[in-house]
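> Mind looking at a prediction? Sequence and model below.
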Amino acid sequence: MSRSLFDRLFDVVVYVLITLITIITLYPFLNVLAISFNDSVDTVRGGITIYPREFTLQNYKLIFSYDGLITGFKISVLRTVVGTIAGLISGSMLAFTLARTEFQGRRFISTFLAITMYVSGGLIPGFVLIRNLDLVNTFAVYILPGLVSAFNIFVIRSFIDGIPYSLQESAKLDGANDFTIYYRVILPLCKPALATVALFLAVGQWNSWFDTYLFNGSNSKLTTLQYELMKVLQSTTVNANNVRGDNMNQLMAQISPDSVKMAITIVATVPILVVYPFLQKYFVKGMTLGAVKS
Amino acid sequence: MKAVTRDEPELGLTRKRTKWTTFKNQKVLYMMSVPFVLWVLVFQYLPLWGWTMAFQNYKPGKSFLEQKWVGFEHFAALFQDDRFYLVLRNTLAMSSLGLVAGFVFPVMFALLLNEVRVQVLKRFVQTVSYLPHFVSWVVAAGIVSKMLSTDGGVVNAVLMSLHVIDQPIQFMAKGHMFWGIVTAADVWKETGWNAIIYLAAIAGIGPELYEAARVDGASRLRQMWHITLPGIRPTIIVLLIMSIGHLIGIGFERQFLLGNHMVSDYSEVLDLYSLKYGLEMGRYSFGTAINIFNSVISLMLLFIANGAFKRIANESIM
């Protein structure tokens, strides 16, 4: 009797804590969403919680009338698409070759890749390299430096390891060469692993801002959405004279900023949040595979 | 005897020949991997070669041979800089806090979530818990500042209504609160995501263990303590070792985005220091010395942690 009472109490504690955690996680998002839909003059009065007090689409209209943001959005989408596809090709090809036990270069390449997970040159040698390669002020700087990621390769490889090798052998007997096997046999079977890695890559690309800051910050045709958002959000804490003379900040100065800021935040967030629930079943598996292997 | 001496060179030759034939047979595999290996060589290994900059007075535009070598001068300058020790303190403080919080909270969350018996609720909570992981630190930092702000921030509002404080606190302007804010932001953002792996480990624990415990009359709390927790012990240790390896290479994104000039004595970490006092001032060699220090300490910590756990817990990743 007392034991079941204790267990019931335990249940109550569990559900209370879980509810609290859920509220803490979710509330900030709902709050930001509500503010973004609220009249920006009214927002100054404060007290917006999880629903807009004076609903308006004005903030969104305003930010989408601003060219810098549209360009940023386009660049972000482009780098996400190109970066994800390029990363998937490089990752799956390397993973395919590394999964072939008879491949001579396998041990060397595995070690060669694994080392990069623990040692890196650091900020400044990396910067100097990019500059020496003339990648500053180019779109390529978003794609090339991070093209090959050891972690992603090991995720795909451990998945390929689970595919019976006899499938590859029978394809070989049918006269397929290794590339055909990769393209026709392995890639279609790898979809769960590829989905996981695609999500990692896409999130990384969409969310990255520091490469823009370092290499393309002064090139208004190549800045990304996250970078534009960063400039806007930092403009309250940074001194006004640090701000570069640029339309976005003039825009900010004209109107009450909070609701507009939150609208940009939503635009920078929603695309990635729309994708992940669909990929959830894959990445849980992918995460576990990757972590166990590495 | 004769036969052996005559055979030997031939044997070596055939071995060479087989290697060569295998190479030719695998030429497609080589074609598919070698370009990317070269890629890694350029983008991951060449920066390591760039470490030589720390021992030169590196001037951009000059070739490698024209650079002036200065030995450990930049390291000496680094170790004599008071700011360096401040930054090192901040790095170690924030990374230790992050390390402890970054594995205590996910483990606790996984244990809690495992006790939720309503499957729909469990799935919903888990999906919500990943949400912050997918937003950028730019967005997360914006949200954190908003929640902590003095005008309309929910944290101040809640604390005021609970009468914990009677004046709103300017969280973002208080240096001594910065470490806590960064850690809390990290917990908010990554707990759900990091719990995935523990939940997977928990799912691998045999149900017969729980049944046996129930027969013995163990309460839910005792089952958690004596079965679930020991069951995920290896996973905890492996992840702990890996995170120790990254202890001081914690990056600077959070510190860059959440920090401001009012809290810089608490917010600057090694990479940020390298960015500000190396890159932005054009002191590439000095900045590289900081990067090297960072990497060397990280690796040392990784080996120490790995060795220690090998002894204590008989678990290791290498």
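Great, that's in hand. What you see is a predicted model, and the numbers here were worked out from it, not measured in a lab.

> Which residues belonging to stretch B:20-39 are considered buried?
Residues B:Gln26, B:Leu29, B:Tyr30, B:Met32, B:Ser33, B:Phe36, B:Val37, B:Trp39 are the ones in stretch B:20-39 that count as buried (16 or more other C-beta atoms under 10 Å in any protein chain shown). Using the backbone N, CA and C atoms, a C-beta is placed for each residue, glycine as well.

> tell me which strands and helices the helix or strand A:Leu129 falls within is in contact with?
With elements taken from DSSP states H and E, the one containing A:Leu129 is helix A:123-132. Helix A:123-132 is packed against helix B:46-49, helix B:270-274, helix B:284-313, with contacts defined by 3 or more C-beta pairs under 8 Å, 6 or more residues apart in numbering or on different chains; DSSP states H and E.

> would CSV of the ones you listed with distance to B:Pro207 and mean neighbour count be doable?
As requested, these are arranged in CSV below (distance: least, C-beta to C-beta, whole Å; neighbours: other C-beta atoms under 10 Å in any protein chain shown):
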stretch, distance to B:Pro207, mean neighbour count
helix B:46-49, 49, 18
helix B:270-274, 46, 26
helix B:284-313, 26, 19
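
> Which among these is found nearest to A:Val82?
Closest approach to A:Val82 among these (C-beta to C-beta): helix B:46-49, 23.0 Å.

> After that closest one, which helix or strand is next? Please name it.
Going down the chain from helix B:46-49, the next helix or strand is strand B:56-57, by DSSP H and E.

> and that following strand, which strands flank it?
Partner strands and pairing direction for strand B:56-57 (DSSP bridges) are strand B:68-69 (antiparallel).

> State the phi and psi torsions of the closest residue in space to B:Phe109 that isn't next to it in sequence.
Nearest in space to B:Phe109, with sequence neighbours left out and distances taken as C-beta to C-beta, 6 or more residues apart in numbering or on different chains, is B:Ala195 at 4.7 Å. The phi/psi pair for B:Ala195 (degrees, to the nearest 10) reads phi -70, psi -20.

> B:Ala195 and B:Leu111 touch, don't they?
No - in this structure, B:Ala195 sits apart from B:Leu111 without contact. The criterion is C-beta atoms under 8 Å, and the distance is 9.1 Å.

> between those two, who's got more neighbours?
Higher neighbour count among B:Ala195 and B:Leu111: B:Ala195, with 24 against 19, using other C-beta atoms under 10 Å in any protein chain shown.

> On the three-state scheme, A:Arg53 is what?
Using DSSP: H, G, I helix; E, B strand; the rest coil, the secondary structure recorded for A:Arg53 is coil.

> Report the contact partners of it.
Contact analysis of A:Arg53 by C-beta atoms under 8 Å, 6 or more residues apart in numbering or on different chains lists A:Asn38, A:Asp39, A:Asp42, A:Gly47.

> can you do 7 Å?
For A:Arg53, the set of contacting residues under the criterion of C-beta atoms under 7 Å, 6 or more residues apart in numbering or on different chains consists of A:Asn38, A:Asp42.

> what pLDDT does it get?
The score at A:Arg53 is 90. That number is its pLDDT.

> and it, how far is that from A:Phe37?
A:Arg53 is 10 Å from A:Phe37, where distance means C-beta to C-beta, to the nearest Å.

> So which residues on the stretch 101-250 of chain A come close to chain B?
Near chain B, the residues belonging to the stretch 101-250 of chain A are A:103-105, A:109, A:112-113, A:116, A:118-129, A:144-145, A:147-148, A:177-179, A:182, A:203, A:207, A:209-210, A:226, A:229-230, A:233, A:237 when assessed by C-beta under 7 Å from any C-beta of the partner chain.

> B:Pro60 versus B:Gly71, what's the distance?
Computed as C-beta to C-beta, the B:Gly71 to B:Pro60 distance reads 21 Å.

> Sort out which residues of stretch A:12-25 are buried, please.
Of the residues in stretch A:12-25, A:Val14, A:Tyr15, A:Ile18, A:Ile21, A:Thr22, A:Thr25 count as buried by neighbour count, 16+ other C-beta under 10 Å.

> Could you pick out the residues of the stretch 201-318 of chain B near chain A for me?
The interface of the stretch 201-318 of chain B toward chain A, taken as C-beta under 7 Å from any C-beta, is made up of B:217, B:219-221, B:245, B:253, B:260, B:271, B:274-275, B:278-279, B:284, B:287-288, B:291, B:294-295, B:299, B:302.

> Could I get the full set of helices for the stretch 151-294 of chain A?
Under the criterion DSSP state H, counting those that start in this stretch, helices of the stretch 151-294 of chain A are mapped to A:165-173, A:178-180, A:187-189, A:191-207, A:210-211, A:225-234, A:247-254, A:257-293.

> most packed of the ones you listed?
Sort these by mean neighbour count, taking mean count of other C-beta atoms under 10 Å in any protein chain shown, and helix A:225-234 sits at the top with a mean of 24.

> Which neighbouring elements make contact with the helix or strand that contains A:Ile109?
A:Ile109 is part of helix A:106-118, with elements assigned from DSSP H and E. Contact analysis of helix A:106-118 by 3 or more C-beta pairs under 7 Å, 6 or more residues apart in numbering or on different chains; DSSP states H and E lists helix A:67-99, helix A:150-161, helix B:27-40 as its packing neighbours.

> Now do the last one, average pLDDT.
I take that to be helix B:27-40. Averaging pLDDT along helix B:27-40 yields 92.

> Between helix A:106-118 and it, find me the angle.
With axes from the mean of the first three to the mean of the last three C-alpha atoms, to 10 degrees defining the directions, helix B:27-40 sits at 20 degrees from helix A:106-118.

> try the second one
Orientation check (the same axes, to 10 degrees): helix A:150-161 against helix A:106-118 gives 140 degrees.

> got the buried residues for helix A:150-161?
Buried residues in helix A:150-161, counted by 16+ other C-beta under 10 Å: A:Ala150, A:Phe151, A:Asn152, A:Ile153, A:Phe154, A:Val155, A:Ile156, A:Arg157, A:Ser158, A:Phe159, A:Ile160.

> Report the contact partners of the residue nearest to the last one when sequence neighbours are not counted.
On the basis of C-beta to C-beta, 6+ apart, the spatially nearest residue to A:Ile160 that is not a chain neighbour turns out to be A:Ala99, at 4.0 Å. In this structure, A:Ala99 makes contact with A:Arg157, A:Ile160, A:Asp161, judged by C-beta under 7 Å, 6+ apart.

> Now do A:Ala99 against B:Ala308, distance only.
Between A:Ala99 and B:Ala308 the distance is 33 Å, computed by C-beta to C-beta.

> and the residue of the stretch 151-294 of chain A nearest chain B?
A:Asn207 (3.4 Å; C-beta to the nearest C-beta).

> Identify the residues contacting the residue nearest to that residue when sequence neighbours are not counted.
For A:Asn207, ignoring the flanking residues on the chain, the nearest one in space by C-beta to C-beta, 6+ apart is B:Ser136 at 3.4 Å. When contacts are counted by C-beta under 7 Å, 6+ apart, B:Ser136 is found next to A:Asn207, A:Trp209, A:Gln226, A:Ala268.

> next one: phi and psi at B:Ser136?
Torsion angles at B:Ser136 (phi, psi; degrees, to the nearest 10) stand at phi -70, psi 160.

> count of neighbours near B:Lys16?
By other C-beta under 10 Å, the residues close to B:Lys16 number 10.
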